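# Please find the sequence and the predicted model below.
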Amino acid sequence: MYLVVDDVEFTSLKNLSFSPQTDLTGSSIPINTFTVDVVTDQSISVGEYALLKDDLDNLWAKYIVTSAEKIDPETVRVECKSTLYLCERYKLDAVMYNNTSLSSVLDFVLIIPTEAQGTTVTLDYTLDSSFSGHTITGYCPEQTPRERLLWICFVIGAYVKTYFNGQIEILPIPIAETSVPLEKTYWRPSLTYRDYVTSIKVKYYSFAAGTPATTDKYVTVGETHYIITESEMSLTNTNAPSGLPKNELTVEGVYLINQNNANAVLNFLARWHFNRQAVDADVIDNAEYMPGQKLSVFTDPKTIVTGFVDNASFSFGKQAKAKLHLIATVGVESSMLTILYVWDTIQIGKATYSFPEGFVYSISNPYIDMTMNGHRYIFRPINAACTGTMGADDETKTEQETPALDLYQRLLEIISVDEATIDDGVVNIK
């Protein structure tokens, strides 16, 4: 891992701590942070952007340096936060939205005043295309931009991602899932359970401009009073055992919930609160698995759970490792898929996977380096991937490989490659 600040690369890092998280349930928008001790005799300026990258130049975070303290003559302790921390520093005025386009609302919310009077900075964000055409209707009181962004994401069913990117991303809850292979999972993931939520009640609102009576609830924006009409909608957890004490989750006072989106909000909440199982799993994670993803992980060799990551706590060595926390997990029985890699009739490799019935898989076939009878072969796959749909029973598939290179007694024979060039006597092969 290395750090880039103001175009200067710092490659000697110690005590790197990075635990990105997101709140999929709509309760908060975390401000993500990383801290690191940088071995350098140079100074690092507060307020600059810091890019955290790995040795393959993958971007892990682009955050603002909020603290840079010299802890000894050769070490600077640096703390960096996502740009969302700027959204805590001032208040937005109360506003009434009426079918206002989502993009125009966000454009306004994410304009942040600077210390120089009359100047602003617009935070870089992307809105997933699935939200194009969305509008916002309802009232927002005086709030910080972060609080208003939370309300907006809550009513449209979105989450905020501020890691492994260079901007704020506003994304839908994913449908497609990614499978964490058994060989990347440390034994043994643990399951936990929250108390049953027996029902969810959501209050929704409409507003009419007018002069309120003494018994009316109302809000004021500028010189205009808006009379509030309050209604409610509820959903019962039919999977909760009968006889349990009532444990109702009530959402009220979010004035962007209206008749048109209340049902969607209910179902959004039910996804997280009616499924009480969670899983903690330690996995090898080189920026492949992150908060917001829908993942399938093994809890034992024959059982897979599928859920949504809300936190990943990384540790760093030759490979990165992460402790993942998954919520709303569901367990499914799985079957074993065995792939045999063969050259003609000779088996040169083998891989095993476990997938639930109906899982559509596409597994890249490897290049295999093997020495046989004094020949060192590099085998290339005939097919780029092994594909199929998992059935109810264990199954075995065969994938053919063919020699691409043959090194024998210091003589290299090029058999099958996409491209080969010679540059100053050096053979470059693709």
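Arrived safely.
# Please, where are all the strands along the stretch 201-350 of the chain?
Per DSSP state E, counting those that start in this stretch, the stretch 201-350 of the chain carries strands over the ranges 218-221, 224-236, 248-251, 277-284, 294-300, 303-315, 321-343, 346-356.
# between these, which gets nearest to Ala68?
Proximity to Ala68 (C-beta to C-beta) singles out strand 303-315 among the strands of the stretch 201-350 of the chain, at 21.4 Å. C-beta: built from backbone N, CA, C; applies to glycine.
# buried stuff in that closest one?
Ile304, Val305, Thr306, Gly307, Phe308, Val309, Asp310, Asn311, Ala312, Ser313, Phe314 (16 or more other C-beta atoms under 10 Å).
# follow-up on the earlier one: dump the strands of the stretch 201-350 of the chain to JSON lines, plus distance to Phe18.
Shown next, in JSON lines, are the strands of the stretch 201-350 of the chain (distance: least, C-beta to C-beta, whole Å):
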{"stretch": "strand 218-221", "distance to Phe18": "41"}
{"stretch": "strand 224-236", "distance to Phe18": "37"}
{"stretch": "strand 248-251", "distance to Phe18": "32"}
{"stretch": "strand 277-284", "distance to Phe18": "15"}
{"stretch": "strand 294-300", "distance to Phe18": "19"}
{"stretch": "strand 303-315", "distance to Phe18": "5"}
{"stretch": "strand 321-343", "distance to Phe18": "9"}
{"stretch": "strand 346-356", "distance to Phe18": "29"}
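# quick one: which of the ones you listed is nearest Asp195?
strand 248-251 (10.8 Å).
# For the closest one, the averaged confidence score.
What strand 248-251 shows for mean pLDDT is 96.
# packing partners for that strand?
strand 199-209, helix 262-273 (3 or more C-beta pairs under 8 Å, 6 or more residues apart in numbering; DSSP states H and E).
# TSV for the ones you listed, including mean pLDDT, distance to Ile168 and mean neighbour count?
Shown next, in TSV, are the helices and strands packed on strand 248-251 (pLDDT from 0 to 100; distance: least, C-beta to C-beta, whole Å; neighbours: other C-beta atoms under 10 Å):
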stretch	mean pLDDT	distance to Ile168	mean neighbour count
strand 199-209	97	27	18
helix 262-273	96	20	18
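# now those in JSON lines, with distance to Ser416?
Formatted as JSON lines, the helices and strands packed on strand 248-251 follow (distance: least, C-beta to C-beta, whole Å):
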{"stretch": "strand 199-209", "distance to Ser416": "60"}
{"stretch": "helix 262-273", "distance to Ser416": "49"}
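# re the thing from before, from the buried residues of strand 303-315, which is closest to Pro245?
For the buried residues of strand 303-315, the nearest to Pro245 is Gly307 (26.0 Å; C-beta to C-beta).
# That closest one - nearest residue in space that isn't next to it in sequence?
Nearest residue to Gly307 in three dimensions, chain neighbours excluded: Thr329, at 3.2 Å (C-beta to C-beta, 6 or more residues apart in numbering).
# ditto for Leu127
Spatial nearest neighbour of Leu127, excluding adjacent residues (C-beta to C-beta, 6+ apart): Ile170 at 5.0 Å.
# contacting residues around the one you found?
Contact analysis of Ile170 by C-beta atoms under 8 Å, 6 or more residues apart in numbering lists Leu106, Tyr125, Thr126, Leu127, Asp128, Phe131, Cys153, Ala158, Tyr159, Val160, Lys161.
# Narrow those residues to those in strands?
Judged by DSSP state E, strands contain the following of those: Tyr125, Thr126, Leu127, Ala158, Tyr159, Val160, Lys161.
# so what's the last one up against?
It refers to Lys161. Thr22, Ile168, Glu169, Ile170, Leu171, Met290, Pro291, Gly292.
# Mind putting those residues into CSV with pLDDT and distance to Val202?
Listed next are these as CSV, based on pLDDT from 0 to 100; distance: C-beta to C-beta, whole Å:
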residue, pLDDT, distance to Val202
Thr22, 97, 22
Ile168, 96, 27
Glu169, 97, 26
Ile170, 97, 22
Leu171, 97, 23
Met290, 96, 30
Pro291, 97, 25
Gly292, 96, 24
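# For my notes, confirm Cys386 occurs in a helix.
No. Assigned with DSSP: H, G, I helix; E, B strand; the rest coil, Cys386 falls outside any helix and is strand.
# Thr398 is in contact with that one, correct?
No. Look at Cys386 against Thr398 with C-beta atoms under 8 Å: they stay out of range, at 9.2 Å.
# Tell me the predicted confidence for the residue nearest to Gly307.
Reported pLDDT for Thr329: 94.
# The residue nearest to Leu127 pairs with what?
Beta bridges link Ile170 to Leu127, Val160, judged by DSSP bridges.
# on that earlier part again, now do the contacts for the residue nearest to Gly307.
Leu191, Asn275, Gln277, Ala278, Val279, Val305, Thr306, Gly307.
# same check, this time on Leu3
By C-beta under 8 Å, 6+ apart, the neighbours of Leu3 are Glu9, Phe10, Leu13, Val36, Val38, Ala50, Leu51, Leu52, Lys53, Val78.
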